[in-house]
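In: below is the sequence, then the predicted model.
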Amino acid sequence: MLQNLVPDPPLDKHWLADNRLRAKEEGQDLLIKGGIGLAGYFAGPNVHIVDNYALADSLLSHLLVGNPDFWWIGHFNRKRPIGLEESLISGENELEDADLAAY
């Protein structure tokens, strides 16, 4: 039987939790990150996380891959459309591409 000789840190000390907790404490509304599992948990319900890998984003998952040389199975970094961040912050559709905005 294998044993984990190095104990896992408490989740709130995990490296993925640190800046997400800070975002929550500083009142940030938007984070752009990959690895949304722990990030979403620690950022809380009031922080919108743009998932660069589009694992949980139906719009980005239909867009082109940003760099086809940088990926691993199931994780394709996406090109974010111009105006996406502004749209998420304002709550209005500010996408520059008219066809994508209509979609």
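Out: Right, received. Where do you want to start?
In: all helices for the protein, in order.
Out: 15-26, 36-43, 84-90, 98-102 (DSSP state H).
In: worst mean pLDDT among those helices?
Out: Lowest mean pLDDT of those: helix 15-26, a mean of 67.
In: is Asn67 in contact with His75, as I believe?
Out: No - using CB atoms under 8 Å, Asn67 makes no contact with His75, being 11.8 Å away. From N, CA and C alone the C-beta is placed, and that goes for glycine too.
In: find the centremost residue of this structure, please.
Out: Per CA atoms, centre = their mean, the C-alpha nearest to the average position across the chain is that of Asp51, at 2.7 Å.
In: list the contacts for Ala56?
Out: Neighbour list for Ala56: Ile36 [criterion: CB atoms under 8 Å, 6 or more residues apart in numbering].
In: do the same with Leu84
Out: 50, 95.
In: please tell me how far it sits from Tyr41.
Out: Computed as CB to CB, to the nearest Å, the Leu84 to Tyr41 distance reads 23 Å.
In: tell me how far Glu96 lies from Glu85.
Out: Counting by CB to CB - Glu96 and Glu85 are separated by 12 Å.
In: which of the two has more neighbours?
Out: Glu85 (15 against 12; other CB atoms under 10 Å).
In: I'd say the more buried one and Ile49 touch.
Out: No - using CB under 8 Å, Glu85 makes no contact with Ile49, being 11.9 Å away.
In: just give the nearest non-adjacent residue to Glu85, would you?
Out: Leu30 (6.3 Å; CB to CB, 6 or more residues apart in numbering).
In: report the beta-bridge partners for that neighbour.
Out: Beta bridges link Leu30 to His48 when assigned by DSSP bridges.
In: list the contacts for it?
Out: Here Leu30 is in contact with 47-50, 85, 88-89 (criterion: CB under 8 Å, 6+ apart).
In: same thing but at 7 Å, please
Out: Neighbouring residues of Leu30 by CB atoms under 7 Å, 6 or more residues apart in numbering: 48, 50, 85, 88-89.
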